[in-house]
Structure formats: structure tokens, C-alpha cells
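**Student:** turn this into a model:
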Amino acid sequence: MAQYQRTVSVSTPAAARWRDYYELTKPRVVAMLLLTALVGMCLATAGWPPWWAVIVGLFGIGAQASAAAVFNHVIDRRIDTKMQRTRHRPVAEGRVSQTAALTLAVGLMVAGFIACWWLNPLTAWLTFASLVGYALVYTQWLKPATPQNIVIGGLAGAMPPLLGWTAVTGELHPHAFLLVMIIFTWTPPHFWALAIHRRQDYAKAQVPMLPVTHGVGFTQTMVLLYTVLLLVVGILPWLTGMSGWIYLLGATTLNLVFVGYAWWLKTGTQKGRAWQMFKFSIWHIFATFVVLLADHALLV
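**Tutor:** Numbers count the residues shown, from 1 in each chain. Below is the predicted model of the structure:
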């Protein structure tokens with residue numbers, strides 16, 4: 001029993017420390033980004049992409065996305081301490097030092113860049129540009145400066161399908177930019193729904209999110225307009241011949257439901273509607289890219 005107790009007392013802090021480092025990388029967000037990158041890889045080829053390009057590409061993109069997440073924790077540490085949603089993050093709460101977090105971020109960034117470079121320089125530089133766009137342009141400059149932060153900065157988070165495409169082809173293609181447009185258009189209503197739900201948090205932290213600067217009503221209108229725009233953008237992969245009827249039916253259904261949520265948010269006053277829409281938006285983008293992949297798989 002004594003030996004067992006010593007083992008628990010030693011291993012528990014170590015396990016907690018690893019969980020903190022794991023949390024710094026925002027694994028659920030990175031997993032979603034990697035799904036969209038994988039879809040970009042698959043749609044880039046008539047058949048299926050080479051397995052080695054998929055493995056190396058996903059590692060490189062994932063490592064740099066994780067690095068961007070860690071940089072975000074460090075840069076946002078003061079804001080995080082003021083918000084209920086983020087005040088228990090590892091750097092904000094002091095469980096991981098800034099030096100340790102930055103060391104992890106740089107290590108992931110270098111490893112990811114090398115992996116992407118091994119595939120082709122285009123993917124390496126585009127992935128690095130996405131990291132800079134999220135960690136510096138969005139987090140450091142746009143987020144505290146303008147209510148349009150998520151619109152402009154959302155481009156960095158929309159890049160993974162393009163990165164996946166270039167990872168297996170080494171070339172840019174208009175179809176890859178259509179995938180970027182889907183995520184770019186989806187991002188504002190996704191984050192603004194969360195911002196409405198957490199409006200007091202953002203106001204307390206003095207972050208100029210749209211509900212704080214322009215009010216909830218205006219933000220609800222913008223959410224509705226962007227979901228309608230997403231409905232239109234979602235048809236483009238079918239119109240250009242990139243995807244077939246399976247995608248068209250699946251994506252259109254998902255987008256119509258998203259518009260329905262936005263209308264429900266705009267016309268109702270019940271508490272919790274913004275949070276419900278935010279949760280649906282996560283499943284929406286996941287399902288949209290699964291439908292893209294299923295459509296491609298059945299056409300191969």
C-alpha cells in the first residue's frame with residue numbers, strides 16, 4: 001500500500017502537467033482544422049492522396065496549428081484572467097510559465113515547418129503565414145483593436161483546406177479557395193453567437209467584440225446575413241463541378257438549418273439561444289466537410 005501511495009503522489013502532478021500542456025494546444029480546435037485539411041487533401045486528387053503525404057502533411061499542419069494555439073494562450077493571458085470562460089487556462093492561472101509555453105510553441109512551430117517543407121516549400125510558407133495570421137495579426141493586433149477582428153482574422157483559421165490541397169499537389173487551385181470561402185463565411189456567425197452569449201465577459205475584458213461595440217440586435221442581424229451568404233457560398237462547389245449531388249443536398253440542408261438558427265436567434269429573446277446556435281455551428285462545419293468527403297469517396 002505504501003508503495004502504491006508513493007506512485008500516485010509522484011505520477012499525479014506529472015499527469016496534470018502534461019494535461020496542461022495538452023490543453024495549451026487546443027486539441028479539439030486543431031482536430032477540426034485537421035479534418036478540413038484532410039478533406040482538402042482528398043479533393044485535390046482524382047483518387048486518394050499518397051498515404052505518406054497525408055501523414056506528413058497532417059503532422060506539419062497540426063504542429064503549426066498547435067503552436068499558434070500556444071502562442072494565443074501566452075498573448076491572451078491577461079485577457080483570459082478577466083473572463084469566466086478562460087480564466088482557468090494553464091498560462092492565465094500560472095500552472096504553465098510563459099517561458100515553458102513559448103518553448104513548446106517554438107518547438108511545435110519548427111517541427112511543423114520542417115515537415116511541411118519536406119513536402120514542398122509552398123505548404124511550409126502558407127502554413128507559417130497562417131500561424132502568424134492567427135497568433136500575431138488576429139490575437140495581438142486585431143482582437144483588441146476592432147469589432148471586425150473575427151472577420152479579418154478568420155482567414156487564418158480558414159486556411160487548412162488550402163494547406164491540405166497544396167500538401168499533396170504543391171500547387172494552388174481555385175477549388176481549394178472555395179473550401180477556404182466556406183470556412184471564412186462560417187466563422188463570423190460561429191464566433192458572434194459565442195460573443196453574444198459571453199457579451200459581459202468580453203465587455204469586462206475590454207475586447208471590442210461586435211455585441212459589445214454595436215449591441216446584440218445588430219450582431220444578430222449580421223449573424224443572419226452571414227448565414228444567408230454561407231448558403232450561397234455553399235452551392236459553389238457543386239456549381240463549379242468540384243462536388244456532386246450528395247454534397248449539394250447535404251450542405252444545403254445544413255446551411256438552411258443554420259439560417260433557421262440565425263432567424264431563431266434574431267427573432268427571439270429567450271436566454272440561451274446564442275449558446276445553442278454556437279453549439280450547432282460546430283456540428284455544422286464538421287458535418288459539411290464530412291459530406292464533402294463522402295461525396296468525393298462515392299465518386300472515386
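
**Student:** which SSE is the closest residue to V70 other than its chain neighbours in?
**Tutor:** Distance criterion C-beta to C-beta, 6 or more residues apart in numbering; nearest residue to V70, sequence neighbours excluded, is A105 at 3.8 Å. For every residue, glycine as well, the C-beta is placed using N, CA and C. Element membership for A105 (DSSP states H and E) is helix 98-119.

**Student:** list the buried residues of that helix.
**Tutor:** 100-102, 104-105, 108-109, 111-113, 115-119 (16 or more other C-beta atoms under 10 Å).

**Student:** and which of these is nearest G133?
**Tutor:** For the buried residues of helix 98-119, the closest approach to G133 (C-beta to C-beta) belongs to M109, at 13.4 Å.

**Student:** okay, that closest one and D20: tell me how far apart.
**Tutor:** Here the criterion is C-beta to C-beta, to the nearest Å. By it, M109 lies 19 Å from D20.

**Student:** counting contacts, what elements does the helix holding A105 pack onto?
**Tutor:** If contacts are counted by 3 or more C-beta pairs under 8 Å, 6 or more residues apart in numbering; DSSP states H and E, helix 98-119 sits against helix 2-24, helix 51-75, helix 121-132, helix 160-169.

**Student:** quick revisit: what's the distance between the residue nearest to V70 and T86?
**Tutor:** A105 is 17 Å from T86, by C-beta to C-beta.

**Student:** pretty sure L256 is touching V228, no?
**Tutor:** No. Using C-beta atoms under 8 Å, L256 is not in contact with V228, being 10.2 Å away.

**Student:** more neighbours, these two?
**Tutor:** Taking other C-beta atoms under 10 Å, L256 and V228 do not tie; V228 has more neighbours (17 against 13).

**Student:** helix/strand/coil for the more buried one?
**Tutor:** Here V228 takes the helix state, with states given by DSSP: H, G, I helix; E, B strand; the rest coil.

**Student:** what is the burial count for the residue nearest to it when sequence neighbours are not counted?
**Tutor:** Nearest residue to V228 in three dimensions, chain neighbours excluded: V259, at 6.0 Å (C-beta to C-beta, 6+ apart). Around V259 sit 19 other residues, with neighbours defined as other C-beta under 10 Å.

**Student:** now do the contacts for V259.
**Tutor:** Residues near V259 by C-beta atoms under 8 Å, 6 or more residues apart in numbering: L224, T227, V228, L231.

**Student:** now tabulate those residues in JSON lines and tack on distance to A158.
**Tutor:** Shown next, in JSON lines, are those (distance: C-beta to C-beta, whole Å):
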{"residue": "L224", "distance to A158": "20"}
{"residue": "T227", "distance to A158": "16"}
{"residue": "V228", "distance to A158": "18"}
{"residue": "L231", "distance to A158": "17"}
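
**Student:** out of those residues, who's nearest A135?
**Tutor:** Nearest to A135 among those, with distances taken as C-beta to C-beta, is T227, at 28.1 Å.

**Student:** next one: the residue nearest to that closest one when sequence neighbours are not counted from T36, what distance?
**Tutor:** Of all residues not flanking T227 in the chain, A262 sits nearest, at 4.2 Å (C-beta to C-beta, 6+ apart). Computed as C-beta to C-beta, the A262 to T36 distance reads 22 Å.
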